[in-house]
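# Provided below are the primary sequence and the corresponding predicted coordinates.
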Amino acid sequence: MNLLQQIKNRRLALKIKQNEMPMRIGISRQQYQRLEAKGNPRLDTLTLVAQGLNSEIMLIPKEKMSVVLAALKNSDGNIPTEHQKPNQSLQKITVSEEPWKGLLEDEDEHGN
């Protein structure tokens, strides 16, 4: 799913009408409609949209993507470990144990 579809899906999930977004983020109605339809937003505009949708923009390393997606899909607050093999039972850590800690760090640089 592309970023523009994710923006629209998030807006709909929050039950925010498209015509309410420009007021929430301080851009014109036409600019927001263009963005959602086929836009190529500037980073500062994308940041405003994320804030208006109570979201954050994050660069996720490809090798960590499965962990992040699993965390987002997991509704009970537990996150499978990233080194889990397909036939292993799920090892879990709780959200209160800082699941995002080290997400963007390169483990080799820190001796792990």
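Cool, got the structure. Numbers count the residues shown, from 1 in each chain.

# burial count for Leu35?
Leu35 is flanked by 20 other residues according to other C-beta atoms under 10 Å. Yep, even glycine has a C-beta here, placed from its N, CA and C like the rest.

# can you pull out the helices in this protein?
3-13, 21-25, 29-38, 43-52, 65-73 (DSSP state H).

# elements contacting the second one?
The reference is to helix 21-25. helix 29-38, helix 43-52 (3 or more C-beta pairs under 8 Å, 6 or more residues apart in numbering; DSSP states H and E).

# I'd like the ones you listed written out as TSV, with distance to Lys15 and mean pLDDT added.
Output for these, formatted as TSV (distance: least, C-beta to C-beta, whole Å; pLDDT from 0 to 100):
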stretch	distance to Lys15	mean pLDDT
helix 29-38	16	91
helix 43-52	13	93
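
# does Gln18 touch Arg34 like I think?
No. Between Gln18 and Arg34 no contact is recorded; they are 11.4 Å apart, counting by C-beta atoms under 8 Å.

# the helices and strands packed on helix 21-25: which one's closest to Ala13?
In terms of C-beta to C-beta, the element of the helices and strands packed on helix 21-25 nearest to Ala13 is helix 43-52, at 13.3 Å.

# and for the closest one, what are the contacting residues?
Helix 43-52 is contacted from outside by 3, 7, 16, 21, 24-27, 31-32, 35, 41, 56-57, using C-beta atoms under 8 Å, 6 or more residues apart in numbering.

# and those residues, which two are furthest apart?
For the contacts of helix 43-52, the maximum inter-member distance is 21.3 Å, found between Gln31 and Glu56 (C-beta to C-beta).
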